[in-house]
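Colleague: The following comprises the amino acid sequence and a computationally predicted model.
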Amino acid sequence: MFQLPARLVGAAVALTLAAATPAFAQQLELKLMAPAAPGGGWDQTARSMQQALVAAGVARSVQVTNVPGAGGSVGIAQFVNGAKGDGNQLMVNGFVMVGALAMNKSPVTLEQVTPIARLTEEIQVIVVPANSPIKTARDLAAAVKADIAKVTFAGGSAGGVDHVMAALFAGAVGADAKKINYIPFSGGGESLAAILGAKVTAGISGLSEYDGQIKSGKLRAIGVTSEKRIPGSDIPTFKEQGIDLVIANWRSVVAPPGITPEQRKTLSDAVEKMVKSDAWKDILKQKGWEDAYLGGDAFADFLKKETVRVTDVLRSVGLVKS
Amino acid sequence: MMETFAALAHGMAVAVQPMNLLYALIGVFLGTAVGVLPGIGPALTVALLLPVTYKLDPGGSLIMFAGIYYGGMYGGSTTAILINTPGESASMATALEGNKMAKAGRGGPALATSAIGSFVAGTIATIGLAFLAPWLVDFAVRFGPEDYFALMCVAFVTVSATFGDSPIRGLTSLFIGLTLGLVGIDKLTGQARLAFGVPELLDGVEVTTLAVGLFAVGEALYVASRRHHTEEKLEPVRGSLWMTKEDWKRSWKPWLRGTMFGFPIGALPAGGAEIPTFLSYSCEKRLTKYPEEFGKGAIEGVAGPEAANNASAAGTLVPLLTLGLPTSATAAMMLAGFQQYGLNPGPLLFAERPDLVWGLIASLFIANCMLLVLNLPLVGLWVRLLAIPQPWLYSGILVFATMGTIAAKPSVVELSMLAGFGVLGFLMRRFDFPIAPVVVGLILGPIAESQLRRALAISLGDPMTLLQSPISATLLALALIALLAPFVLKGMGRFKANED
């Protein structure tokens, strides 16, 4: 009785996917861990990979498991200890995990996993209520410089990408990042309500999350964090406005420690093939994710640099005690 | 107003298409099934179904999701009443009186009043969703952290209704819950509290684990320990299986009052489904003409909270559809469902895809009717569960509770917590401490704390912010009145007595 719905659903998934699988599919059978509860960004990434890997004929079957807890700290611990040397396992991770591991003083770090590839990124945005006197990023910068404590930023969980971005913004405009008044909310919904109700000065989030509100004119976007302006968008980047703030909420996939170079190559090739498939491109378009594929050693390098940058910022705002 | 009717009629036409009816039926069936299981909630179900529904048409799958959502609220109450195992945290208040009723052979009327109450509340709240949504959402957005804190104060003051006879014991229980609420990463500073280096504890104590441990496991242990002292004989049906005229008379007002709590609070971005159920329970306990029955199985205590939790489910859809604001886990999954079809819920959705929005609202009415039709005939079957010999019934409950917990979080720590809470529940029963305040503390404590700290961070530490917001000031005044009124009334009573 208790397993019935899950099983039914599982069977239904298998059926739909099996129908779409070409006959020449390889014999790869993967286990993919989403170190978060069903529904969040990592879970959606994992389930999208599952769909694309099978549809593109890269893998015969992909099984997604959810291990939620503490920004991925619980998942990665289980992954590093339990999947060591297993060439058929992968785990989704991303920006948030870097901060979470540092803050939770996790004994397991991202240095222990085998990097495979960065997959997607979401551009970040700063918004203000439509009736706010702040019109541009420079106005906000001026307010921050005048009295940093009075400028309240609403965003996601403490130490997450929104929080790091608030600190980077303050640093980029020459204010003391240590003194930012950042107010973490659980989930985008609650912080959106606080911004719409003008309880806070500004809000920070992934662009796609506030897209509808920006287009309908209820929120004003004063800057996005991409390197160059998004094609077809009239939101200026921070760089255009003379503020050096480039950051993205990236998501990636990693393999367990202790796998052989051949195993690593098989997994890297499989992910690369998936990224190039039409199925994956369709999913990206549907979810509004940017393709940010970066494979091999370039990704390993990126991961290292990002870890240093995030840990430094978190240390400067006092979330990580060194 | 007229346009709303026209749009709703058009939506009805969409919803009664045979395929959409079928989706609604699948939805309510799945929803009821997962609602019955502790741990597996509607959010998880929608998440698992998302990839499957990718190829279906958007209208149909959203209708199915809405059915799951409403169905989950129904299903959770069945186990709460029959075996004291709330399937969802929103069904906890139902278990308080509902299970007592079931033990007294009145499981039939308890299930019936919860099904009909859910239907009534769901219908009224859906009408509210259709007509009041734009107005209500403006109000909901104005609710700031300080206002939520004031709302929590009202909730805390009324919690005493769940205390039982002794305030000291009640407060002790409440503080156990508040302490458990501190466990995990502090939301505002990201620092771990009372986690003792156990990573699984960083996310805090799961409400369902605590509720199932205290209620179901604790009860099973207690019954086992008493087995040789007194043989408790359960009669599945004593008196009428259906609601009597008296039951109807005592139920209809709580249904309406529960709806009044559930719908607006559900529409608040951080309102949730649990708080209105507690408020409704306390309110019924104060207003009832049969106070002596509370704690022994008063039908009002089932009718009110059940109506409240279903009405809050409809309330949640207000910010979701009008603003794209997901305010519960299930709503967040439905938002993902919208986005899967390239739809952005929000102010533009009503204008861009009226067929979809009104089709969804209309199908909520239909889902509600289906749930009633599905649930009422089952009442007779469900109460037979109680005829199972006690040792079998309770070992079944233990298996059920354990599997539900593992399904939600597959970890040894979670299971150990379930067992630990079970022992705590046993000890509290043994020494006569009320159980509900523990769960109430776990739910309310963290919300009250983080909202107060947010409010103070925004006001730069000035506590006057709590009185400057009109909403907050009003709610705090209400809390104060609720706190002092009993003493004042008592004093006046004495005064009068002296005069005589």
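Modeller: Ah, there it is.
Colleague: doesn't A:Leu32 fall inside a strand?
Modeller: Yes. Under DSSP: H, G, I helix; E, B strand; the rest coil, A:Leu32 sits within a strand.
Colleague: ok, it - how many residues close by?
Modeller: By the measure other CB atoms under 10 Å in any protein chain shown, the count of residues near A:Leu32 is 21. No exception for glycine: its C-beta is placed from N, CA and C like everyone else's.
Colleague: same thing with B:Glu293?
Modeller: Per other CB under 10 Å, the neighbour tally for B:Glu293 reads 18.
Colleague: ok, residue 243 - contacts?
Modeller: Went with chain A since none was named. Going by CB atoms under 8 Å, 6 or more residues apart in numbering or on different chains, A:Ile243 touches A:Ala137, A:Arg138, A:Ala141, A:Phe169, A:Ala172, A:Val173, A:Gly223.
Colleague: oops, chain B please
Modeller: B:Gly108, B:Pro109, B:Ala112, B:Thr113, B:Ile116, B:Ser251.
Colleague: from what I can see the fifth one touches B:Ser251, true?
Modeller: Put plainly, it is B:Ile116. Yes. Contact status for B:Ile116 versus B:Ser251: in contact at 7.4 Å, counting by CB atoms under 8 Å.
Colleague: For these two, work out which one has more neighbours and name it.
Modeller: More neighbours surround B:Ser251 than the other of B:Ile116 and B:Ser251, with 25 against 22 (other CB under 10 Å).
Colleague: does that one really touch B:Gly117, like I thought?
Modeller: Yes. The pair B:Ser251 and B:Gly117 qualifies as a contact (CB under 8 Å) at a distance of 6.6 Å.
Colleague: Any chance you could list residues touching both of the two?
Modeller: B:Ala303.
Colleague: quick revisit: now, the contacts of B:Met243 that are in helices?
Modeller: Members of these lying in helices (criterion: DSSP state H): B:Gly108, B:Pro109, B:Ala112, B:Thr113, B:Ile116, B:Ser251.
Colleague: quick one: the fifth one and A:Leu294, what's the gap?
Modeller: In this case it means B:Ile116. 58 Å (CB to CB, to the nearest Å).
Colleague: Note down every partner strand of the helix or strand hosting A:Ile204 and its orientation.
Modeller: Here A:Ile204 sits within strand A:202-206, counting by DSSP states H and E. With DSSP bridges as the test, strand A:202-206 is paired with strand A:114-129 (antiparallel), strand A:152-155 (parallel).
Colleague: Grab the nearest non-local neighbour of B:Ile124.
Modeller: Sequence neighbours aside, B:Thr259 is the residue nearest to B:Ile124 in space, at 5.0 Å (criterion: CB to CB, 6 or more residues apart in numbering or on different chains).
Colleague: Quick check: that neighbour is in a strand.
Modeller: No. Counting by three-state DSSP, B:Thr259 falls outside a strand, being helix.
Colleague: what's around it, how many residues?
Modeller: With other CB under 10 Å as criterion, B:Thr259 counts 28.
Colleague: part of a strand, is A:Arg220?
Modeller: Yes. The assignment for A:Arg220 (three-state DSSP) places it in a strand.
Colleague: Next, work out how far apart A:Leu314 and chain B are.
Modeller: Distance of A:Leu314 to chain B, computed by CB to the nearest CB, to the nearest Å: 8 Å.
Colleague: So what's the predicted local confidence for the residue of the stretch 201-322 of chain A found nearest chain B?
Modeller: Nearest residue of the stretch 201-322 of chain A to chain B (CB to the nearest CB) works out as A:Gly212 at 3.5 Å. Note for A:Gly212: predicted pLDDT of 77.
Colleague: Contact partners for B:Phe119?
Modeller: With CB under 8 Å, 6+ apart, B:Phe119 has these contacts: B:Asn310, B:Asn368, B:Cys369, B:Leu371, B:Leu372.
Colleague: Tell me the residues on the stretch 101-250 of chain A that lie near chain B, please.
Modeller: A:103-104, A:106, A:149-150, A:152, A:157-159, A:181, A:183-190, A:192-194, A:196-197, A:199-200, A:211-213, A:215-216, A:218 (CB under 8 Å from any CB of the partner chain).
Colleague: Strands along the stretch 51-200 of chain A, start to end?
Modeller: For the stretch 51-200 of chain A, the strands defined by DSSP state E, counting those that start in this stretch occupy A:61-66, A:89-94, A:114-129, A:152-155, A:181-184.
Colleague: just to revisit the earlier point, among the ones in helices among the contacts of B:Met243, find me the one that's closest to chain A.
Modeller: B:Gly108 (22.1 Å).
Colleague: shouldn't the closest one be in contact with B:Leu241?
Modeller: Yes. Using CB under 8 Å, B:Gly108 makes contact with B:Leu241 at a distance of 3.9 Å.
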